[in-house]
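J.: 3D, please:
(2 chains)
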Amino acid sequence: MNKLSVRHLIGIRGLCENDIELIFQAAKEFKEVINRPIKKVPSLRDLTIANLFFENSTRTRLSFELAQKRLSADVVSFSAGSSSVKKGETLVDTVNNILAMKVDLVVMRHPHPGAPQFLANKVDTIIVNAGDGTHEHPTQALLDAFSLQEKLGTLVNKNIAIIGDIRHSRVAISNILCLKLLGANVRVCGPKTLIPKHIQSMGVTVSHNLDETLAWCDVANMLRIQQERQESQGVSYFPSLREYASSFGLNKARLDKLDNEIVIMHPGPINRGVEITSDVADSQHAIILDQVENGVAVRMAVLYLLASMQ
Amino acid sequence: MVSQILMDEAQFERVIDRLTHQLLEHHDFSNTDLVGLQPRGYWFAQIIQQRLQAILGKPIFCGGLDVTFHRDDFRRRENPISPSLTEMPFLIEGRHVIMIDDVLFTGRTIRAGLDALLAHGRPSSVQLLVLVDRRFQRELPIEPQFIGKSIDSIDYQYVKVICDETSESCRVMLFNEKPA
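T.: Alright, predicted model coming up:
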């Protein structure tokens, strides 16, 4: 099979192992392409893609735009701050208006969980989810798993810890689904207030002790503390950033205590000194910038495979 | 399914020998590289590379180029094509390039190959070597300089190059329908 089993990429849920393998195989080729002197192929030259970002983003949006441009697609980008959404237009109306201008594929980030699925049911176009609220962020999970596979060879029976703000993290959910599908053991770690209830039903173990988790894992994926979500809800999940950093922040002293070397990941943007210190983030164990490079290749693969099925 | 052998293993050996010597007549390989189109063109290019190196006693560059992302039938095919690896560990800027493929049919793969090649620099010249040339079926103005065997076939027929990786030999078959 060299076709994806889905028409849209809404989440990792819904993908099968073969889909992920197919995406990784294409991503490997695209990584070679983006390291050439001429980093562009003409595959999507007759396609127009709209990037609809109803929520702020720098990395994901740049990464998607670069992926689209390196596939020679025409790109229009839109952010909610400066649009008619402020005037009260509904999501379906906004998207239908954009599609009326003959757009073939929509990449969307939205603050509401489920928005891409809702859109996929209502409008006739290919939808790629670039993050929907606290639900899923599938391309981030794919690029994380791709980077790990590149580093470790296989993920089968590897111990992977996701550490930090699991409650507000779409990256955590997509990562858990993707890593479990590829055969890894996953543990989430963080303060009790930032771990959702019943997360064990996703097949993960839970820990509230960072040192114990670091001793167990081969890979530590440090998630960002999402202060903006906490502030907007007017709720505090831990007493202070300083206290969080001392209990759940990754620093050199903690790494030095370990017997084995572990791989450090972070989806960005980093709060230096909170979830991870600068010396660790910039160390050779960190694959944070590989994640960013692979992000473009993986997104090229996703767009290429989805577009090829039309 | 009716099939016909166009070239057996012994003929393949002779054809490869002839093509190698034809290349040597035109190139001294001081500024010439081989580039095979993945998958079988690359395999075939590596055999020619070995023969040339045995005769000349010096290393010759041989790259493998994947043309999947440069094809003009993207989104027009029932099943998308899976890409193969591109291995171009050298620069082709200012070099003479011999592009190598197994079967030349409509010329569209070679067109995509030229496009893909230019992403790696501007070669001084490009020549085309094919194992089998299905003449009279071209859809683009592309002609090979070095030909293993020219055949006359009808467009619904299918030419398949069957390679044996271990013995490095090859057979060319003609089928009246696409083989499974």
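
J.: counting neighbours, what do you get for B:Ser125?
T.: 10 (other C-beta atoms under 10 Å in any protein chain shown). Glycine gets a C-beta too; all of them are placed from N, C-alpha and C.

J.: kindly report the same for A:Leu22.
T.: Neighbourhood size, A:Leu22 [other C-beta under 10 Å]: 21.

J.: what's the answer for A:Val92, then?
T.: 13.

J.: low-confidence regions, chain A specifically.
T.: Residues of chain A that meet the criterion pLDDT under 70 lie in A:1, A:81-86, A:310.

J.: report the central residue of chain B.
T.: By C-alpha atoms, centre = their mean, chain B has its centre lying nearest to B:Asp101, at 0.9 Å.

J.: run through the helices of chain B in chain order.
T.: All helices of chain B, identified by DSSP state H, fall at B:9-26, B:40-56, B:108-118.

J.: and of the ones you listed, who's closest to A:Asp19?
T.: helix B:108-118 (26.0 Å; C-beta to C-beta).

J.: tilt between that closest one and helix B:40-56?
T.: Per axes from the mean of the first three to the mean of the last three C-alpha atoms, to 10 degrees, the angle that helix B:108-118 makes with helix B:40-56 is 60 degrees.

J.: is helix B:108-118 anywhere near chain A?
T.: Yes. Shown here: helix B:108-118 in contact with chain A (C-beta under 8 Å from any C-beta of the partner chain) through B:115-116, B:118.

J.: which elements pack onto that helix?
T.: Contacts defined by 3 or more C-beta pairs under 8 Å, 6 or more residues apart in numbering or on different chains; DSSP states H and E place helix B:108-118 against strand B:32-37, strand B:62-65, strand B:96-104, strand B:125-135.

J.: before we move on, the earlier item: for the residue nearest to the centre of chain B, give me its contacts.
T.: Each residue near B:Asp101 by C-beta atoms under 8 Å, 6 or more residues apart in numbering or on different chains is listed here: B:36-37, B:40-41, B:44, B:109-110, B:113, B:128-131.

J.: ok, those vs chain A, which is closest?
T.: Closest approach to chain A among these (C-beta to the nearest C-beta): B:Gly113, at 12.9 Å.

J.: what is the burial count for the residue in the stretch 201-310 of chain A that chain B sits nearest to?
T.: Residue nearest to chain B within the stretch 201-310 of chain A: A:Ser308 (3.8 Å; C-beta to the nearest C-beta). By the criterion of other C-beta under 10 Å, A:Ser308 has 20 neighbours.

J.: same deal with B:Asp133?
T.: Around B:Asp133 there are 20 residues (other C-beta under 10 Å).

J.: likewise A:Gly234?
T.: Burial measure for A:Gly234: 6 neighbouring residues, criterion other C-beta under 10 Å.

J.: how about the residues of chain A near chain B?
T.: Applying C-beta under 8 Å from any C-beta, we find that chain A lies next to chain B at A:2-3, A:22, A:25-26, A:28-30, A:32-33, A:36-38, A:40-44, A:46, A:71, A:304-305, A:307-310.

J.: run the last query once more with 10 Å
T.: Chain A has residues A:1-4, A:22, A:25-26, A:28-30, A:32-33, A:36-47, A:70-72, A:104, A:300-301, A:304-305, A:307-310 near chain B, with proximity defined as C-beta under 10 Å from any C-beta of the partner chain.

J.: for ChimeraX, write the selection for the buried entries among those residues.
T.: To isolate the buried members of the residues of chain A next to chain B in ChimeraX, using 16 or more other C-beta atoms under 10 Å in any protein chain shown:
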select /A:4,22,25,26,28,29,30,32,33,41,42,43,44,47,70,71,104,300,301,304,305,307,308
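
J.: tell me which of the contacts of B:Asp101 is nearest to A:Asn56?
T.: Among those, and counting by C-beta to C-beta, the member closest to A:Asn56 is B:Gly113, at 43.0 Å.

J.: thinking again about what came up before, any chance of the helices and strands packed on helix B:108-118 in TSV, plus distance to A:Pro191 and mean pLDDT?
T.: Output for those, formatted as TSV (distance: least, C-beta to C-beta, whole Å; pLDDT from 0 to 100):
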stretch	distance to A:Pro191	mean pLDDT
strand B:32-37	56	96
strand B:62-65	52	94
strand B:96-104	61	95
strand B:125-135	63	95
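
J.: tell me which of those lies nearest to A:Ser278.
T.: Nearest of those (C-beta to C-beta): strand B:62-65, 41.7 Å.

J.: do that closest one and chain A come into contact?
T.: No. Taking C-beta under 10 Å from any C-beta as the criterion, strand B:62-65 and chain A are apart, separated by no less than 10.9 Å.

J.: and the strands in the stretch 51-200 of chain A?
T.: A:74-79, A:105-110, A:126-132, A:159-163, A:185-189 (DSSP state E, counting those that start in this stretch).

J.: got CSV for the ones you listed, with mean neighbour count too?
T.: Putting the strands of the stretch 51-200 of chain A into CSV (neighbours: other C-beta atoms under 10 Å in any protein chain shown) gives the following:
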stretch, mean neighbour count
strand A:74-79, 16
strand A:105-110, 24
strand A:126-132, 25
strand A:159-163, 25
strand A:185-189, 23
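
J.: would you turn those strands into CSV with distance to B:Pro59?
T.: Output for these, formatted as CSV (distance: least, C-beta to C-beta, whole Å):
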stretch, distance to B:Pro59
strand A:74-79, 44
strand A:105-110, 46
strand A:126-132, 45
strand A:159-163, 43
strand A:185-189, 47
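
J.: follow-up on the earlier one: and the helices and strands packed on helix B:108-118 as JSON lines, adding distance to A:Cys16?
T.: Shown next, in JSON lines, are the helices and strands packed on helix B:108-118 (distance: least, C-beta to C-beta, whole Å):
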{"stretch": "strand B:32-37", "distance to A:Cys16": "31"}
{"stretch": "strand B:62-65", "distance to A:Cys16": "30"}
{"stretch": "strand B:96-104", "distance to A:Cys16": "33"}
{"stretch": "strand B:125-135", "distance to A:Cys16": "38"}
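
J.: of those, which is nearest B:Lys160?
T.: If we rank the helices and strands packed on helix B:108-118 by C-beta to C-beta, the stretch that ends up nearest is strand B:96-104, at 8.3 Å.

J.: with just CA atoms, put that closest one into PDB.
T.: The C-alpha trace of strand B:96-104 is given here as PDB (Å, rounded to 0.1, in the frame of the first residue of the first chain):
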ATOM      1  CA  HIS B  96      29.500  15.900 -18.300                       C
ATOM      2  CA  VAL B  97      26.700  13.600 -17.100                       C
ATOM      3  CA  ILE B  98      25.600  10.300 -18.600                       C
ATOM      4  CA  MET B  99      22.000   9.700 -17.500                       C
ATOM      5  CA  ILE B 100      21.200   6.000 -17.400                       C
ATOM      6  CA  ASP B 101      17.800   4.300 -17.400                       C
ATOM      7  CA  ASP B 102      16.500   0.900 -18.200                       C
ATOM      8  CA  VAL B 103      13.600   1.500 -20.600                       C
ATOM      9  CA  LEU B 104      12.900   4.600 -22.700                       C
END
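
J.: and that strand, how far out from the chain middle?
T.: Strand B:96-104 has its C-alpha centroid displaced from the chain centroid by 4 Å (C-alpha atoms, centre = their mean, to the nearest Å).

J.: could you give the angle of it to helix B:108-118?
T.: 150 degrees.

J.: show me which residues of chain B sit near chain A.
T.: Checking chain B against chain A by C-beta under 10 Å from any C-beta, the hits are B:66-72, B:74-88, B:91, B:93, B:112, B:115-116, B:118-121.

J.: narrow these to those that are buried.
T.: By neighbour count, with 16+ other C-beta under 10 Å, those hold B:66-71, B:74, B:80, B:83-84, B:86-88, B:112, B:115-116, B:119-121 as buried.
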